[in-house]
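Participant: Predicted structure and sequence below. I'll ask about it afterward.
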Amino acid sequence: MIRWLLWILGGILLGGIVHLSTVLLLPSTATRDAYDRLLASAPVNAIAQLPAPTPEKALLPFMDPAFSAAVCRYDLSGAPLKLTSPVTQAYTSVSFYTRYGVAYYAINDRAAGRRVIELDLMTTEQHNEMPEEEDVTAADRLIVDSPTPTGLIVIRALAPEPGLVPAARAVLIKAQCRVQPQ
Amino acid sequence: MRLLIGAFLAFLIAAVIGLGATWLALTSGTAFGAITIGAWTAWPRTGTADIDPYARAAIARSGELPTGSGDGIAFYARTDDAGRALDGRCETLLRGVTPAARFWTLTLYDPQGRLVTNSANRYGFTSQEITRFADGSFQIAVAPRARPGNWLPSGGTDRYVLVLRLYDTPVGAATRIGREAPMPAITRRGCP
């Protein structure tokens, strides 16, 4: 009897391990995460305009239909990246996601405090390799460290009413995402 | 022989408990650090690098990109204040005010996060589109057929999710529930 109870107890413990390891492994094995869904429509290190979500077709679930959005699928393995985006009258934000969809950094137009949001994106190694003087002279440069060499930058511009969608689109078309050779 | 049966039993229990718990956790939206105000729930840490492993697995599975904490915060409602699931065949009223934010948007999705087809092509409201009462509060009717005032079409789907996103807002992980974060009440007014 005790032997059976021990087997059952062992099974429950092993079940806990199975549960934790599947939860931890799922992000790296998922094939329909945001990055994969955007693979076809977003070229590497360039801005791609995302179509507005409709009931029939949306690239990602739970997209906010009040926003126009553009995405830059980045790969920092070659060199750091420079992102510039003008802002709308209403509200514009830039969000950074890792390869697995973790939102590690986001900034809005007011926090950026300028007419144009300008950010340098690099890996921690590339940041460490940066000459020190450059770091000092560029104190007002916004540098973002990416935890993974690849990921997504999403620029979102709010159209507070439907008539302002063209204005939001016009701003996103001027956004740039370019490799910055060192 | 007994050893073999015992090991088999243990592995069977492990598989059922382990995979069952994972499936349950990911489909019911278990994540740590939730803020619940009335029928609304937000997971502020899901928009940061401190995201917990459950939320990380859930977004990898659904394919959504969470709202970054420097951008805003998203509150989800799947039930009304009485705890009944939101039903698109019924008329449901949202009434009240929202926490301080530069802009907010309210959107209606089906449970999978798709917009819901309707004849008015309206999927939500922004804080600028809404008509308000003199005291600044507002009322939105979520109903299958047109209503006077702020009407959000439910398209007649059975289950739906309301998402209220606050942009550029002080509301976050440190927010105390109560006066700091008033959210609109959700009440069911009638079902045909």
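Facilitator: Received the coordinates, thanks.
Participant: For chain A, spot the helix or strand the model is least confident about on average.
Facilitator: The least trusted helix or strand in chain A, going by mean pLDDT, DSSP states H and E, turns out to be helix A:132-137, with a mean of 59.
Participant: Now do the helices in chain B.
Facilitator: Secondary structure of chain B (DSSP state H): helices at B:2-27, B:53-62.
Participant: quick one, the shortest one and helix B:2-27 angle?
Facilitator: To tie it back to what came earlier, the one meant is helix B:53-62. For helix B:53-62 against helix B:2-27, the angle by axes from the mean of the first three to the mean of the last three CA atoms, to 10 degrees is 80 degrees.
Participant: Counting neighbours, which bits of helix B:53-62 end up buried?
Facilitator: B:53, B:54, B:55, B:56, B:57, B:58, B:59, B:60, B:62 (16 or more other CB atoms under 10 Å in any protein chain shown). All C-beta spots, glycine's among them, are computed from the backbone N, C-alpha and C.
Participant: hey, what's the residue nearest the centre of chain B bridged with?
Facilitator: Central residue of chain B (CA atoms, centre = their mean): residue B:76, 1.6 Å from the mean position. Judged by DSSP bridges, the bridge partners of residue B:76 are residue B:41, residue B:163.
Participant: who's in contact with it?
Facilitator: B:40, B:41, B:42, B:161, B:162, B:163 (CB atoms under 8 Å, 6 or more residues apart in numbering or on different chains).
Participant: Give the bridge partners for the closest residue to the fourth one other than its chain neighbours, please.
Facilitator: Taking CB to CB, 6 or more residues apart in numbering or on different chains as the measure, residue B:161 lies nearest to residue B:109, with 4.9 Å between them; neighbours along the chain are not counted. With beta bridges defined as DSSP bridges, residue B:109 has these partners: residue B:115, residue B:161.
Participant: correct me, but residue B:109 touches residue B:124?
Facilitator: No: Residue B:109 lies out of contact with residue B:124 (CB atoms under 8 Å); the separation is 9.1 Å.
Participant: is it true that residue A:37 touches residue B:63?
Facilitator: Yes: Residue A:37 sits in contact with residue B:63 when judged by CB under 8 Å, with a separation of 5.2 Å.
Participant: Return the distance of the residue nearest in space to the middle of chain A relative to residue B:142.
Facilitator: For chain A, residue A:97 is the residue whose C-alpha lies nearest the centre (CA atoms, centre = their mean; 2.5 Å). As defined by CB to CB, to the nearest Å, residue A:97 lies at a distance of 31 Å from residue B:142.
Participant: again with residue B:72
Facilitator: 22 Å.
Participant: Also residue A:14?
Facilitator: Taken as CB to CB, the span from residue A:14 to residue B:142 is 46 Å.
Participant: Show the pLDDT at the residue nearest to the centre of chain B.
Facilitator: pLDDT for residue B:76: 93.
Participant: any idea how far it lies from residue A:62?
Facilitator: 9 Å.
Participant: what is in contact with the two at once?
Facilitator: Joint contacts of residue B:76 and residue A:62 (CB under 8 Å, 6+ apart) are residue B:163.
Participant: could you say what helices and strands the lengthiest helix in chain A packs with?
Facilitator: What stands out as the longest helix in chain A, according to DSSP H, is helix A:2-29. Packing partners of helix A:2-29 (3 or more CB pairs under 8 Å, 6 or more residues apart in numbering or on different chains; DSSP states H and E): helix B:2-27, helix B:53-62.
Participant: Quick check: which of those is nearest to chain A?
Facilitator: Ranking these by proximity to chain A (CB to the nearest CB) places helix B:2-27 first, at 2.6 Å.
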